[in-house]
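Novice: Would you be able to build a 3D model of this:
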Amino acid sequence: MAKRMNLDDTWKKCEIVWLWVKEQEELGTGLRKYDHPLFDKESVMHSCFFCDYAYRMAKKQKQARDIRGRGCRFCPARKIDKSFDCIDNAYDCNLFPDAFADKIVSLNRKRLKKQKLAEEHKNFNRQ
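Specialist: Residues are numbered from 1 along each chain as shown. This next block holds a predicted model:
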């Protein structure tokens, strides 16, 4: 497993890697996520920052079935879109890395917007 990352760091690294993969796809370099300097395939669960995070959360909550299989229930993207699936036909991370990168960026924007609104609401209630 990767060095323990908080949720924000997990999102940042995932977005950075997938935007880079999208760029490589457009350039036709043939480079994949494993080639990105942030990515260490030896220590990232299922070769994915989100899977790694989900695995740690499942293990922490002792959800054995999510530890053995795909721990999708704990995926950070599912916190934003409950129907998110990294192998969805529209943006499968293996088949359509450019569409997957766009999906990650879109979900991260929603996440950051929610965070900002929650913070504004919190600050408003303090007044």
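Novice: Centre-most residue in the chain?
Specialist: Central residue check for the chain by CA atoms, centre = their mean: the C-alpha nearest the mean position is that of Phe50, 3.9 Å away.
Novice: Give me the phi and psi for that residue.
Specialist: Comment: the main-chain dihedrals of Phe50 come out as phi -70, psi -40, following degrees, to the nearest 10.
Novice: Thought Thr10 was touching it, still the case?
Specialist: Yes - look at Phe50 against Thr10 with CB atoms under 8 Å: they come within range, at 6.7 Å. Placement of C-beta: from N, CA and C, glycine included.
Novice: Return every residue with contacts to both of these two.
Specialist: Residues touching both Phe50 and Thr10 comprise Pro76, with contact defined as CB atoms under 8 Å, 6 or more residues apart in numbering.
Novice: Checking Trp18 next. Helix, strand or coil?
Specialist: The local conformation at Trp18, judged by DSSP: H, G, I helix; E, B strand; the rest coil, is helix.
Novice: what's the neighbour count on the residue lying closest to it once chain neighbours are set aside?
Specialist: If you skip the residues right next to it in sequence, Trp18 has Ala101 as its closest partner in space, 3.9 Å away by CB to CB, 6 or more residues apart in numbering. By the measure other CB atoms under 10 Å, the count of residues near Ala101 is 22.
Novice: do you know how far Ala101 is from Asp9?
Specialist: From Ala101 over to Asp9 the distance is 18 Å, taken as CB to CB, to the nearest Å.
Novice: Which element is encountered next along the chain beyond the helix or strand bottoming out on mean pLDDT in the chain?
Specialist: Taking mean pLDDT, DSSP states H and E as the measure, helix 64-68 is the helix or strand of the chain with the lowest mean score, a mean of 56. Heading C-terminal from helix 64-68, the first helix or strand you meet, by DSSP states H and E, is helix 97-126.
Novice: for that next one, packing partners?
Specialist: Counting by 3 or more CB pairs under 8 Å, 6 or more residues apart in numbering; DSSP states H and E, the packing neighbours recorded for helix 97-126 are helix 7-27.
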